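Asker: structure of the sequence below:
(2 chains)
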Amino acid sequence: MMIEFLTPLAGGLLIGSAALATLFFLGRIAGVSGIVWGAISHQADNSWRWLFLLGLLAGPFFYHQLANAPYPTPSPLSWSYVLIGGLLVGFGVKMGSGCTSGHGVCGMGRLSVRSLVATLTFVGTGIVTVFIVRHVM
Amino acid sequence: MKGIVALICGLAFGIGLALSGMTDTAKVLGFLDLFGTWVPDLMFVLGGAVAVTVIGFRFVLPRGQPLLGSKFYLPTNAGIDGQLLLGAGLFGVGWGIYGYCPGPALSALVYLDMKTFGFVAAMFAGMALAHATTNFKILPPFLQTGR
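Answerer: Numbers count the residues shown, from 1 in each chain, chains lettered A, B, ... in the order given. Modelled structure (predicted):
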């Protein structure tokens, strides 16, 4: 247990450092839903978004290769979970103007009350949803 | 130069997601399963990330401008409205159903699991749908913020 939390903590510190560097060098918020929406909706000054996303995909690839870490076990959940989950995540982050990285990591970093409320809301409904799916349904 | 920096930032972010277990839906759902066999990992991920941004942003933002640009692009809407609450609420439901939020879902594409491609496609469809509903004002007034 003492060692087990070090890996997620290191991952979190790396995520935070990446978000900090994105703001420090580029002046941008490292919110993935905002970056990906900007990229596919052809917003101005867009090349940084595509390169960030390229890194976002290449990062795990190199990590698993170089650290010789196995890929996570594929989800056993059925396609209805895949599609309904994906649809709700996409709809929700667009309507709510951010996801775990934008509101959670960067917004809370800016001490934004709006982002704190958003983060508490999606963690809250996430917990309720898992409770219903795993323990009620 | 900006492009190289963006690529490196994305790389570090992606490595962080994989290292932390965010690309593993079982760990994410385990974290949200507060009333079952709780997996605390994500608490350390978010805690570690927010600790860095809370401290780091305090030094970066007062500089007035980024190193490689003329201005900080920060959200201007600080209000808490119906769109924020409904959007964040629905996002959390989707997150709890499958276990991916947008970043990890995109990162996990490199594992080449067909379901992840399906999730990302559905996620794009959901974004487009939300964009359309907020633009065409078909939502009830309390959910419109005039964006």
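
Asker: now do the helices in the chain.
Answerer: Reading this off chain A. A:6-21, A:32-40, A:47-66, A:79-95, A:108-109, A:113-131 (DSSP state H).

Asker: hmm, I had chain B in mind actually
Answerer: Ranges of helices within chain B are B:2-20, B:25-32, B:41-60, B:82-98, B:102-107, B:114-135, based on DSSP H.

Asker: looking at the helices of chain A, which is nearest to B:G94?
Answerer: Judged by CB to CB, the one of the helices of chain A that comes nearest to B:G94 is helix A:79-95, at 2.9 Å. C-beta coordinates here come from the backbone N, C-alpha and C atoms, glycine included.

Asker: flag the shaky bits of the chain, pLDDT-wise.
Answerer: I'll assume chain A. Chain A contains residues with pLDDT under 70 at A:1-2.

Asker: hm, I was asking about chain B
Answerer: Low-confidence regions of chain B, defined by pLDDT under 70, span residues B:136-147.

Asker: domains for it, by residue range?
Answerer: B:1-74, B:77-147 (automatic domain parsing).

Asker: could these go into TSV alongside mean neighbour count and distance to chain A?
Answerer: Output for the domains of chain B, formatted as TSV (neighbours: other CB atoms under 10 Å in any protein chain shown; distance: least, CB to the nearest CB, whole Å):
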stretch	mean neighbour count	distance to chain A
domain B:1-74	20	2
domain B:77-147	20	3
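
Asker: dump these into JSON lines; add distance to A:A30 as well.
Answerer: As requested, those are exported to JSON lines (distance: least, CB to CB, whole Å):
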{"stretch": "domain B:1-74", "distance to A:A30": "6"}
{"stretch": "domain B:77-147", "distance to A:A30": "9"}
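
Asker: for these, which one sits closest to A:V32?
Answerer: Nearest to A:V32, of all the domains of chain B, is domain B:77-147, at 3.8 Å by CB to CB.

Asker: need the contact list for the nearest residue to A:M95 once chain neighbours are set aside.
Answerer: The spatially closest residue to A:M95, leaving aside those adjacent along the chain, is B:G87, at 3.2 Å (CB to CB, 6 or more residues apart in numbering or on different chains). In this structure, B:G87 makes contact with A:F91, A:G92, A:V93, A:K94, A:M95, A:G96, A:S97, A:A118, B:A130, judged by CB atoms under 8 Å, 6 or more residues apart in numbering or on different chains.

Asker: so how many other residues sit close to the second one?
Answerer: Spelled out, that is A:G92. For A:G92, the neighbour count with other CB atoms under 10 Å in any protein chain shown is 32.

Asker: so who does the nearest residue to it once chain neighbours are set aside touch?
Answerer: Of all residues not flanking A:G92 in the chain, B:F91 sits nearest, at 2.8 Å (CB to CB, 6+ apart). Residues near B:F91 by CB under 8 Å, 6+ apart: A:L88, A:V89, A:F91, A:G92, A:V93, A:G96, A:C99, A:F122, A:T125, B:C101.

Asker: apply 10 Å and report the result again.
Answerer: A:33, A:88-96, A:98-100, A:103, A:118, A:121-122, A:125-126, B:101-102, B:126 (CB atoms under 10 Å, 6 or more residues apart in numbering or on different chains).

Asker: try A:G124
Answerer: A:G124 makes contact with B:L32, B:A88, B:G89, B:G92, B:G96, according to CB under 10 Å, 6+ apart.

Asker: same question, A:G55
Answerer: By CB under 10 Å, 6+ apart, the neighbours of A:G55 are A:18, A:62, B:6-15, B:107.

Asker: before I go, just wanted to say thanks for your time.
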